[in-house]
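Peer 1: All I have is the shape, not the residue letters:
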């Protein structure tokens with residue numbers, strides 16, 4: 001039954017189906033991958049920050065691949081949803097790496113909060129709210145300048161800065 005569902009979803013190529021599979025992959029990635037300490041997470045986020053900024057602003061490779069590759073490697077958000085409904089065709093994209101990598105760091109901070117044996121989860125909540133803020137800022141800048149944005153440009157400083 002699961003295989004039949006997969007075939008139907010991939011045959012339809014609808015953006016909602018793509019997003020459901022993308023979210024499933026992202027959640028699975030966050031669940032399966034673990035970091036051993038906060039400094040490793042900061043180094044990873046810092047390196048991917050530079051990588052993302054270079055490949056989005058320095059070249060057109062990242063945007064070209066994301067637009068041409070039809071697989072659940074990205075979440076798509078219809079910009080013409082109000083005009084065309086579910087048949088929307090103009091999309092903004094968010095790569096799964098922009099969900100998984102910060103998600104792994106946020107999960108690490110949750111484990112750190114638990115290890116402190118306190119009732120509050122200050123580091124987790126601050127990083128989670130920072131992620132939401134960074135994502136909102138990414139979307140705002142993308143719509144304002146009508147240009148692809150490296151989400152990690154906004155997510156990394158927020159996810160590291162807020163808990164600090």
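Peer 2: Structure received. Remember, predicted model here, so these are calculated numbers, not experimental data.
Peer 1: Show the pLDDT at residue 84.
Peer 2: Confidence at residue 84, expressed as pLDDT, is 68.
Peer 1: If you could redo that for residue 79, that was the one I meant.
Peer 2: We have a pLDDT of 70 for residue 79.
Peer 1: That one touches residue 93, doesn't it?
Peer 2: No - with contact defined as CB atoms under 8 Å, residue 79 does not reach residue 93; the gap is 10.6 Å. C-beta here means a position set from N, CA and C on the backbone, and glycine is covered the same way.
Peer 1: Spell out, range by range, the helices that occur in the chain.
Peer 2: For the chain, applying DSSP state H gives helices covering 2-12, 15-32, 38-53, 61-68, 81-84, 97-115, 122-145, 152-161.
Peer 1: counting contacts, what elements does the second one pack onto?
Peer 2: The reference is to helix 15-32. For helix 15-32, the packing partners by 3 or more CB pairs under 8 Å, 6 or more residues apart in numbering; DSSP states H and E come out as helix 2-12, strand 74-78, helix 97-115.
Peer 1: ranking the ones you listed by mean pLDDT, which is last?
Peer 2: With a mean of 63, helix 2-12 has the lowest mean pLDDT of the helices and strands packed on helix 15-32.
Peer 1: what's near enough to touch residue 156?
Peer 2: By CB atoms under 8 Å, 6 or more residues apart in numbering, the contact list for residue 156 reads 45-46, 48-49, 102, 134.
Peer 1: count of neighbours near the closest residue to residue 99 other than its chain neighbours?
Peer 2: Distance criterion CB to CB, 6 or more residues apart in numbering; nearest residue to residue 99, sequence neighbours excluded, is residue 26 at 4.3 Å. Residue 26: 20 surrounding residues under other CB atoms under 10 Å.
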